[in-house]
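Peer 1: Here's a sequence, model it:
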Amino acid sequence: MSERFNAERINRILPYAALTLAAVLVVVLGQDKRELIGKVEDLQVKYREAVTQPRPGMFMPAFQTTTLDGRPATVGQLPAEGKQVLFVYTTTCRYCKSTLPTWKRLAALLDTMRTPRVQVFGVSLDSLEATRKYSAENRLPYPTVSFPEDKLVQMYRAGTVPLTLVLDQEGRTVYSRVGEITQQAAFDSIVAAVKLKPQPRPQPGQAPAAQAPAAERVATSSR
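Peer 2: Predicted coordinates:
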């Protein structure tokens, strides 16, 4: 009698137990799916950054241009050991505007450095007229140039701004940061990148050593 009673009790409980187990499995699988989706999305972001943002070790092509006041300038190459620091922006980017105080501080500090030799350029992605107005209104203390060809915007991976680049005398990217700069730590990392000793050009097939990590892509505007 007791065995029959236990069997009936088990039979009554089994459907509820099965439903509970199924519910638990749905929750677990749902969490696993969300985690998987999150990992895939993270990988997609990292891939986009890898193919659209400058990376330490990349060589940028040198080009000739002129500053707003008509002086000749060479970007991506120096005749002697030194560094170039580029501030790439658009005149309508609010994150570029909020980064201007930091760029101005950097330019003032770098102007006092004698070793290594440092050149600072603002690089506008907008028209000459808009750039002249912007430069005057914001009293930019550094010379401003533009890319003479649209393909250079892609070659420098400058489609997202603000972009801060540090190049060595051969045009190799020593440091790159896409995004707003308002923190002292970011300021210090750029100065440290400028002070890095020059590295030999890698041999064919040898991967370039990253000297400074590319910063997170935060607070940006697409061109």
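Peer 1: Which other helices and strands does the helix or strand containing residue 129 contact?
Peer 2: Element membership for residue 129, per DSSP states H and E: helix 128-138. Packing partners of helix 128-138 (3 or more Cβ pairs under 8 Å, 6 or more residues apart in numbering; DSSP states H and E): strand 117-124, strand 144-146. Glycine gets a C-beta too; all of them are placed from N, C-alpha and C.
Peer 1: could the ones you listed be laid out in JSON lines, adding mean neighbour count?
Peer 2: Shown next, in JSON lines, are the helices and strands packed on helix 128-138 (neighbours: other Cβ atoms under 10 Å):
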{"stretch": "strand 117-124", "mean neighbour count": "21"}
{"stretch": "strand 144-146", "mean neighbour count": "21"}
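Peer 1: who wins for proximity to residue 168 among the ones you listed?
Peer 2: Among the helices and strands packed on helix 128-138, the nearest to residue 168 by Cβ to Cβ is strand 117-124 (11.0 Å).
Peer 1: quick check: angle from that closest one to helix 128-138?
Peer 2: Angle, strand 117-124 to helix 128-138, by axes from the mean of the first three to the mean of the last three Cα atoms, to 10 degrees: 120 degrees.
Peer 1: Can you pull the poorly scored residue ranges out of the chain?
Peer 2: By pLDDT under 70, the weakly predicted segments of the chain are 1-14, 16, 18, 32-52, 199-223.
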